[in-house]
Structures are given as structure tokens and as C-alpha cells.
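In: using only what follows, build the 3D model:
(one chain, ligands or ions: 1)
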Amino acid sequence: MTDLNTRLLDGFAATFEGKPDGVVRAPGRVNIIGEHTDYNDGFVLPCAIPVETRIAWRARPDSTVRVVACEFGNEIDAFDLSRPIEHAAEGGWRDYVRAMIATLIKEGRTLKGADLAIVGDIPRGAGLSSSASLEVAVGHAMLAVLGETPDATKIAVQAQTAENDFVGMKCGVMDQLASAASVADAALLIDCRSLETRAIPIPAGTAIVIIHSGVVRGLVEGHYNRRRAECEEAATLLGVAKLRDATVAMLDNPALTGDTLARARHVVTENDRVLLAGEALAGDDLRAMGRLMAESHASMRDDFQVTVPKVDELAATAHDLIATLCDGRGGARMTGGGFGGAVVALMPIEGVEAVTAGIRERYRTPAGDAPDIMVAHAVAGAGPVAG
Ligand code: GAF
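Out: From the prediction side, this is the model:
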């Protein structure tokens, strides 16, 4: 397959003729730990990974935006910035582009027309934030047309607003902020209430391995929005603004029962795990990381109920192999919103070959294939591409 930049420049030239004025990129992310905590004002620990959305942009003399999606058979979208931006009849990728542009305008930005060509290599449906990276990249491209580089936190919140209000997915801010603000070779500890971030260097000997279960996440907005509503209900029953404010002791409150209790228990214990994981990573303690990752997975499976059996099987397989082949230094858990997608594993670099060989041997996707495995590293967040 040709590389991303060649596909991008070829796609741009084929559709718009000539060359772009500039290129921007926004990476996908893997969440190391802290799932379904972001919209509860809690803590998360993701890092950006070396797969991304790239957009080549060129300013236009009018108020038209034309967009070509090179990975979608060069499908085109076109709309006028001087009219209200509606949803696209076809939906899909077009709505993420429109959502971001409509949000920037709604927040008072005066944008200029542009030709945009989009490519990307983030596997879709893997829980690695292909949509957040598209939104952040569109924001960067439209502001680059104005000669600006956006503030990372601001563009992340705008991208989240775009997804919440225009697309209808009531996501938190983690994916967009990880894509916009990540730091190379580090995980980003995010306080989703204050939006403060702290880069925690990933020790040089630690590998980040991402294994796709082969269960593609389908239309999960319904499940996701329901979990969010359950968390809000739990917070109301406990008399706190958000589950971030709840403690383990409060879980004894008899007002909480059944699913609501289980959801709250996941969020409260997961927030604690994220903070402990931040310390473990900073202290290069892979054993503690492994324990916390296993606990996180079990909590998502039993209390938050967002895993599926194939993902449980894959996480357990990876965890067992790390336990035997790496002497328990590391661990694995489902990453992202759930209902399919990928497992993230941390382990010593010298264990990667044996562990990934073991996973390829033992795990089969629902289609009967060995899984796709990415040995990743943490990259910097979104920005212009030099050259
Ligand atoms: C999805 C959402 F987009 C994030 O905001 C986050 O809630 C995640 O699921 C679960 O941790 O990726």
C-alpha cells in the first residue's frame, strides 16, 4: 500500500488539481487505563499512537468547502459556509467534518472556504478514536486556512461539542484531548474536570501492544449514551455533582442498587486505579500496571458491562502470556468505549516477540483469523506536518 502522504497528495491532485497550501495531522489514541471516567469528570491515562488522520488543505477565494475522503473511494462532500450547515443526507464521515466546522462557526469563528483532502490509517471500529482524530484534524485544517494553530485544549473541547451536539454521541473529552494534546514518548494523565494534563514518560523498556479482537464496534451510541445516563442517575442518587465526587464508602448508600450501583462502583474504583497507574508508570513498575489493568478489565466486564466474550477471551489470553513469558511484568485490558474493539497490553520490550507469537497462535477472531497486532509507541498530538 502506498504511504499516507502519497495517497493524500495524489487524492488532492486528482480531485482539486495542483498542490495543497499545507497538511495537518491528528493521531488516534489508545487508552492505557481509565474507561468511562471522562464524562464523570474523572481521570484517564491515554497516549497518542502512530496512526492518524491527515488533511491536505488549500484556501479558496469563496465560502465553499469541498472535501474528498480518499479512503472512501474519493467520495466528495461540498457545502457553503454562508448557509446553515445541515447533516449530510448520506451521514457517515461527512457528518464529522460538518460537525466540526458547524461548531467552530457556532462558537463565533469566521471561517474561509477551503478544499480539503482526507486520508487516515486508524483502524475503524477498533476503539482507537478514528472519529475524534478526524474532528481534531478538521479543526486544525480550517484554522490553518486562517493562518492559526489552535490551542490544544480548546480544539479538543470544540471537537467534543461537535460530536455531542451534531453527531449525537455523548462522549467525554478524552479522545479529542489525547489526539490534540499528547506528548511524544509519554502517556497523558488527564483530569477531565479541570482539563489539566500531565505527561508521564513511558519507560524506554516498555512496549505498548494493541491487539484487535476482530469484533468491530457497530452502532454503539445507544449503549454508550445509556451508560452515561446511568452514571448521571447514580450521581443524583448519591447527591454529588458527578461520580468523580463519590467515594468507595458512599457505595454503601442503600439508594444505589443493581445496575446503578455496579456502574458507580466501576467509575469510583477506576478513578483510583488511574491515579495509581500514573504512579506505577512514573515509577517503571510494570507489575503494578499489570495488576491495575487486569482489575480495570474485570470491572468493565462485571460492573460496567461493556465488554463482549471475544474481547474478554483476548484480554485473558494476553494477560496469561505476559504472566508466564514476562514474569508478570505487564498486563492487558480492553481499551476504549467497549462492545468490541481492541485490547491494549503493556510489557517489557524483550517479551513482545514471544507474547505476540503466543496470541497469534491461541486467539482467533470471529472470522477465524489471527488478530491484527500493532506494536505502538506514544507520539505527539495534532499539528501541522512539515514539508
Ligand atoms: C469513547 C468515548 F468517546 C470517550 O469519551 C470515553 O468515554 C471512552 O469511550 C470510554 O472510556 O471512546
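In: quick check: end-to-end length of stretch 79-89?
Out: 12 Å (CA to CA, to the nearest Å).
In: same thing with stretch 157-167?
Out: Start-to-end, stretch 157-167 (CA to CA) is 15 Å.
In: centre of the chain to that stretch, how far?
Out: 14 Å (CA atoms, centre = their mean, to the nearest Å).
In: which other residues reach that stretch?
Out: Under the contact criterion CB atoms under 8 Å, 6 or more residues apart in numbering, stretch 157-167 has outside partners 87, 95-96, 98-100, 102-104, 107, 131-132, 135-136, 139, 169-173, 176, 179-180, 195. (Each C-beta comes from the backbone N, C-alpha and C, glycine too.)
In: ok, now with 7 Å
Out: 95-96, 98-100, 102-104, 107, 131-132, 135-136, 139, 169-171, 173, 176 (CB atoms under 7 Å, 6 or more residues apart in numbering).
In: is the ligand contacted by it?
Out: No: using CB under 6 Å from any ligand atom, stretch 157-167 stays clear of the ligand, with a minimum separation of 7.4 Å.
In: next: stretch 239-258.
Out: No: Stretch 239-258 lies out of reach of the ligand by CB under 6 Å from any ligand atom, never closer than 12.6 Å.
In: using PDB, write out every CA atom in that stretch.
Out: This file holds the C-alpha atoms of stretch 239-258, laid out as PDB (Å, rounded to 0.1, in the frame of the first residue of the first chain):
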ATOM      1  CA  GLY A 239     -26.200  13.700  46.000                       C
ATOM      2  CA  VAL A 240     -23.000  14.500  44.100                       C
ATOM      3  CA  ALA A 241     -22.400  16.600  41.000                       C
ATOM      4  CA  LYS A 242     -20.500  13.800  39.200                       C
ATOM      5  CA  LEU A 243     -19.300  10.400  40.100                       C
ATOM      6  CA  ARG A 244     -15.800  11.900  40.400                       C
ATOM      7  CA  ASP A 245     -17.100  13.300  43.700                       C
ATOM      8  CA  ALA A 246     -18.200   9.900  45.100                       C
ATOM      9  CA  THR A 247     -16.000   7.700  47.300                       C
ATOM     10  CA  VAL A 248     -15.900   3.900  47.900                       C
ATOM     11  CA  ALA A 249     -17.600   4.400  51.300                       C
ATOM     12  CA  MET A 250     -20.600   6.100  49.600                       C
ATOM     13  CA  LEU A 251     -21.300   3.000  47.600                       C
ATOM     14  CA  ASP A 252     -22.900   1.500  50.700                       C
ATOM     15  CA  ASN A 253     -25.700   4.000  50.300                       C
ATOM     16  CA  PRO A 254     -28.900   1.900  50.100                       C
ATOM     17  CA  ALA A 255     -30.300   4.300  47.400                       C
ATOM     18  CA  LEU A 256     -27.900   2.600  45.000                       C
ATOM     19  CA  THR A 257     -29.000  -0.900  43.800                       C
ATOM     20  CA  GLY A 258     -28.500  -3.200  40.900                       C
END
